[in-house]
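> What follows is a protein structure lacking sequence information:
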């Protein structure tokens, strides 16, 4: 942890204490995709604004990031962005198509395609620095100081969009490149890892207190293939950010068979999706904190059912070095914000003694 962050009042926040494995006043909670597409105020400010445009507007980034903090009083804010934004910033021809997801005009197939992708510098993303600085100023006065979590997509997930040309369930083209052209794959993953590292470093330099590296599609891999083709590149990102002294969260979807390996990649906090009970995950991640992992659909259940299951998650989390409560994936767009508010209050008031 950097001396500057230790001297900050944020160092005593429940979220950062849990991430470091220190005693906490209450179980900290935040929600992935917490601006959620479910908040009416989010839908209002995004009306008529394309996703990537909203991610490049410092005012909108700031407002959208703050919305769930104001509404729920969560213990950390997650920086509003998108995993493909850094690619857009360096000139990759892509767009986020509503109802589809990221679509890349010219998928990567060759070393020349990789070499055509520019390296990211902070000068490519001035709006990121501006937004983080504005957010740190605003968050400093909310609930005694609310930490900001920086955000980036992990190399494998970003690579899959570049290779497939868009979302894929099978990742067949991605794996074909990985297995059939390992030199191209390695060059691509190094390129993306460096872009992700700079993107996170830029956020931390501007004041973010922690980071999350998000690997949506890593669950498509076997442990052997993860270790050989992916882990070194995620580790490259996490090692560079680790030099800045902020906690690093590493989260993947459907990664019950990879949790130990994702922890070894350099995480301080391992995110666990809802498919894996925390009591199974905790022994796998070693001396690290965990994040998670209520099934996102439980917010549609009766409140007493939701809170009963949330209590079980909190109790299981006691077995870890530290525990940050979260859903096991992102907030579903049709979620009732009032139910998330009730969940937040329940978690924060749950007795730890």
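Yes, it's here. Just so you know, these numbers come straight off a predicted model, no measurement behind them.
> Could you list the low-pLDDT ranges of this protein?
Within the chain, the stretches with pLDDT under 70 are 1-8, 34-36.
> Quick check: longest helix in it by residues?
helix 182-206 (DSSP state H).
> can you give me the strands in the stretch 151-300 of the chain?
Applying DSSP state E, counting those that start in this stretch to the stretch 151-300 of the chain gives strands spanning 210-215, 248-252, 269-271, 289-294.
> For these, could you give me a markdown table that also reports mean neighbour count?
Any C-beta I mention is one placed from the backbone N, CA and C, and that applies to glycine too. Output for the strands of the stretch 151-300 of the chain, formatted as a markdown table (neighbours: other C-beta atoms under 10 Å):
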| stretch | mean neighbour count |
| --- | --- |
| strand 210-215 | 26 |
| strand 248-252 | 27 |
| strand 269-271 | 29 |
| strand 289-294 | 26 |
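> Rebuild those strands as TSV, extending it with distance to residue 78.
Formatted as TSV, the strands of the stretch 151-300 of the chain follow (distance: least, C-beta to C-beta, whole Å):
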stretch	distance to residue 78
strand 210-215	7
strand 248-252	10
strand 269-271	12
strand 289-294	12
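> among those strands, which is nearest residue 278?
Proximity to residue 278 (C-beta to C-beta) singles out strand 289-294 among the strands of the stretch 151-300 of the chain, at 6.0 Å.
> now the closest one against strand 248-252, angle please.
Put simply, strand 289-294 runs at 40 degrees to strand 248-252, going by axes from the mean of the first three to the mean of the last three C-alpha atoms, to 10 degrees.
> so after strand 289-294, what's the next helix or strand?
With elements assigned by DSSP states H and E, the helix or strand that comes after strand 289-294 is helix 303-317.
> got the angle between that next one and strand 289-294?
Put simply, helix 303-317 runs at 160 degrees to strand 289-294, going by the same axes, to 10 degrees.
> And the contacts of helix 303-317?
By C-beta atoms under 8 Å, 6 or more residues apart in numbering, the residues outside helix 303-317 that reach it are 27, 277-279, 282, 290, 292-295, 298-299, 301, 323, 325, 339, 342-343, 346-347, 350.
> can you check stretch 243-251 too?
So stretch 243-251 is in contact with 1-2, 5, 16, 19-20, 32, 149-150, 154, 201, 204-205, 208-215, 234, 238, 241-242, 262-263, 265-271, 273, 291, 324, going by C-beta under 8 Å, 6+ apart.
> how about 6 Å then?
Stretch 243-251 is touched from outside by 1-2, 19, 204, 210-214, 238, 241, 262, 267-271, 291, with contacts defined as C-beta atoms under 6 Å, 6 or more residues apart in numbering.
> Check stretch 280-297 too.
The contact list for stretch 280-297, computed with C-beta under 6 Å, 6+ apart, reads 18-19, 21, 249, 259-260, 263, 269-272, 274, 278, 310, 313, 319-324, 326-329, 332.
> From residue 26, how far off is residue 73?
11 Å (C-beta to C-beta, to the nearest Å).
> cool, and residue 47?
Applying C-beta to C-beta, the value for residue 47 to residue 26 is 36 Å.
> more crowded one of these two?
residue 26 (16 against 7; other C-beta atoms under 10 Å).
> Would you list the buried entries among the contacts of helix 303-317?
Buried residues within these, counting neighbours by 16 or more other C-beta atoms under 10 Å: 27, 278, 282, 290, 292-295, 298-299, 323, 325, 339, 342-343, 346-347, 350.
> Look up which residues are beta-bridged to the nearest residue to residue 83 once chain neighbours are set aside.
Excluding the flanking residues, the one nearest residue 83 by C-beta to C-beta, 6 or more residues apart in numbering is residue 153, at 2.7 Å. Beta-bridge partners recorded for residue 153 (DSSP bridges): residue 214.
> Any idea how far apart the tips of stretch 85-101 sit?
Stretch 85-101 has an end-to-end distance of 12 Å (criterion: C-alpha to C-alpha, to the nearest Å).
> same question, stretch 256-275
In terms of C-alpha to C-alpha, the two terminal residues of stretch 256-275 are separated by 8 Å.
> what does it rub up against?
When contacts are defined by C-beta under 6 Å, 6+ apart, stretch 256-275 is touched by residues 19, 223, 226, 231, 234-235, 238-239, 247-253, 276, 281, 284-286, 288-293, 295, 328-329.
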